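1. Based on what follows, work out the 3D shape:
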Amino acid sequence: MKHNKKRNTAFIYETLSRELTKAIVEKESEQKALVISIVKEHFTPDSPLTAELNLYKVLLESQSIPENLADRMLQETKFAYSKLDDKAVFDAQSRIIATINKNLGQHVWSNFVPNFKSLASVNAIFNTKMPVKTKVLFEQQIIEKMTATNELNEDLKTIDNITYHSFIKKFNSKYTDLLQEQKDLLNRYITSFADEGFELRVYLNEELTRLKSLVAAAKKTTEEALIVQKLDSVNEYLEEFRKRDFTDRDLNKVLKTQELVKELSAHD
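-> This is a model prediction of the structure:
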């Protein structure tokens, strides 16, 4: 199947997410600001792109559900997709493609997106010009992914990682060096621009509680005044943050705190 990834809204969003992650990790503040501005401008709650992206997410993010429910969700999602304004979506895609090319560069389209095959499959399902037989086969693949157990989904991810390992290592080595909790934070920070920060807030409420607990435990195991002072400062910041909005500066602070507590726990 020939697939034009630039006309796949979910791929556009995913490749921008990867670009933002790289910019954050590599501390490229200008690139980060550009990506954020593009996401905020083109994925507003009432934009055609957001409406289409949400339908992709229904099929891509549903896991371990009964087959009859998966099939019903697929049919309802296809029906909802048929109600979208095709011209409005196409025009919105054209605008964001032009913006990316002009402000970020062509290299963005080469970003590695782990679930690219699934994105292409959903795109084929939504494509009204796709032959019926081909579309049915893609629909079956999606239903199998929606009904698969968590173990099977993890196996599929592992296979993808093995298949593209050399490319990932070359393309995004700095990202793979992050702690798992740092990756989780970055992923939610990226998606916060599309859901107005809801998932990020939920995650931070749990993560800040975890970090505070680890900082408190670390204080009990050290008598070095400088370290205690540093830990007190970190604890004060974590407590104060709950009372205000999350900023880019906060992101860097939490990332550093995650690394700090990991190092402290390693020395226990």
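2. burial of residue 254, as a residue count?
-> By the criterion of other C-beta atoms under 10 Å, residue 254 has 22 neighbours. C-betas here are computed from N, CA, C, even on glycine.
3. Chain neighbours aside, what residue packs nearest to it?
-> With sequence-adjacent residues excluded and distances taken as C-beta to C-beta, 6 or more residues apart in numbering, residue 254 is closest to residue 185, at 6.2 Å.
4. what do you get for residue 251?
-> residue 189 is the one closest to residue 251 (C-beta to C-beta, 6+ apart), at 5.8 Å.
5. so where is the stretch 51-200 of the chain shaky, pLDDT-wise?
-> Within the stretch 51-200 of the chain, the ranges that satisfy pLDDT under 70 run 150-177, 191, 193-198.
6. Just the helices from it, written as ranges.
-> Taking DSSP state H, counting those that start in this stretch, the helices of the stretch 51-200 of the chain run over residues 67-82, 86-103, 116-126, 132-147, 150-163, 165-176, 180-195, 198-220.
7. Check the gap between residue 31 and residue 116 for me.
-> Per C-beta to C-beta, to the nearest Å, residue 31 is found 22 Å from residue 116.
8. Hmm, residue 75 and residue 143 touching each other?
-> No - Residue 143 is beyond contact range of residue 75, at 10.6 Å (criterion: C-beta atoms under 8 Å).
9. Neighbour count: those two, which is higher?
-> Between residue 143 and residue 75, residue 143 has the larger neighbour count (other C-beta under 10 Å), namely 18 against 11.
10. Now for the residue nearest to the more buried one when sequence neighbours are not counted, how many residues are close by?
-> Among residues not flanking residue 143 along the chain, residue 70 sits closest, at 4.9 Å (C-beta to C-beta, 6+ apart). Residue 70 has 21 neighbours, counted by other C-beta under 10 Å.
11. ok, now residue 42?
-> Neighbourhood size, residue 42 [other C-beta under 10 Å]: 22.
12. what does residue 102 give?
-> Other residues lying near residue 102 total 8 when counted by other C-beta under 10 Å.
13. one step back: quick check: the residue nearest to residue 251 touching residue 200?
-> Yes - the criterion here is C-beta under 8 Å, and residue 189 meets it with residue 200 at 6.0 Å.
14. Just give me the residue right at the centre of this protein.
-> residue 187 (4.4 Å; C-alpha atoms, centre = their mean).
15. ok now do that residue, which residues does it touch?
-> Residue 187 makes contact with 17, 21 under the criterion C-beta atoms under 8 Å, 6 or more residues apart in numbering.
16. do that again at 10 Å, thanks
-> Taking C-beta atoms under 10 Å, 6 or more residues apart in numbering as the criterion, residue 187 is in contact with 17, 21, 199, 200, 203.
17. Let's have the residues you listed in TSV, adding distance to residue 103 and neighbour count.
-> What follows is the contacts of residue 187, written out as TSV (distance: C-beta to C-beta, whole Å; neighbours: other C-beta atoms under 10 Å):
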residue	distance to residue 103	neighbour count
17	16	21
21	18	22
199	27	15
200	25	21
203	29	17
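18. and of these, the nearest to residue 109?
-> Lowest distance from residue 109 to the contacts of residue 187 (C-beta to C-beta) belongs to residue 17, with 13.7 Å.
19. Is it correct that the closest one is in contact with residue 39?
-> Yes - contact criterion C-beta atoms under 10 Å: residue 17 and residue 39 qualify, at 8.3 Å.
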